[in-house]
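A.B. asks: Let me see the structure of the following:
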Amino acid sequence: MPLDLFLIRHAKSSWRDVSLSDHERPLNKRGRHDAPMMAKLLKKTGIKPDRVISSTAERAKVTAKEFAKEFGIREIVLLEQLYMADEEDFLGTLQKLSDEDKCVLLFSHNPGITNFANFICGADIPEIPTCGIVHVHFALNDWKDIKKGTGIFRSLDYPKNHPDK
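C.D. replies: Predicted structure coming up:
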């Protein structure tokens, strides 16, 4: 069976408390609205995620929790290497997945997540907006086989595409 990857940038974060490290920054009001909204919209597409993977940064974890909750998924795999990830970090993470994981939601940060989306499927996305979702399809059966250019760009969606929500 083919593989589907949803690369999701964390929702909008708060800069209010300057004493917090970048890793600890929470979602702001807009982020707390956008994460569940985008999760609901993604669920309406009919996908059934097998695995949710997230950076350990607070804003990514909270965004991932909203999506996991919407899909009824209890376990989120938290990986430190997805915090300031580059193409090799993303690739290494995905290549370790089980073949049983046919549909994966992966939460991370810019610029890494945008760079990886462009790397894996040859897209030309200038920047994935906050809480943006890039769907990448692979006509492969094994995550170990993914490499640069093997993904097929399917879509990019983000909160500002849905101003009425």
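A.B. asks: First-to-last residue distance for stretch 81-100?
C.D. replies: Using CA to CA, to the nearest Å, the end-to-end distance of stretch 81-100 comes out at 23 Å.
A.B. asks: Could you pull out the helices in this structure for me?
C.D. replies: Chain-ordered helices for the chain, with DSSP state H as the definition, fall at 29-43, 58-71, 87-95, 112-121.
A.B. asks: can you pull the buried residues of the second one?
C.D. replies: Taking 16 or more other CB atoms under 10 Å as the basis for neighbour counts, the residues of helix 58-71 that come out buried are 58-68, 70-71. Where you see a C-beta, it was placed from the backbone N, CA and C, and this is true even at glycine.
A.B. asks: So which elements touch it?
C.D. replies: In this structure, helix 58-71 makes packing contacts with strand 3-9, helix 29-43, strand 51-55, strand 103-108, judged by 3 or more CB pairs under 8 Å, 6 or more residues apart in numbering; DSSP states H and E.
A.B. asks: JSON lines please, covering these and showing distance to Asn115.
C.D. replies: Supplementary listing: the helices and strands packed on helix 58-71 in JSON lines, determined by distance: least, CB to CB, whole Å:
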{"stretch": "strand 3-9", "distance to Asn115": "11"}
{"stretch": "helix 29-43", "distance to Asn115": "21"}
{"stretch": "strand 51-55", "distance to Asn115": "15"}
{"stretch": "strand 103-108", "distance to Asn115": "10"}
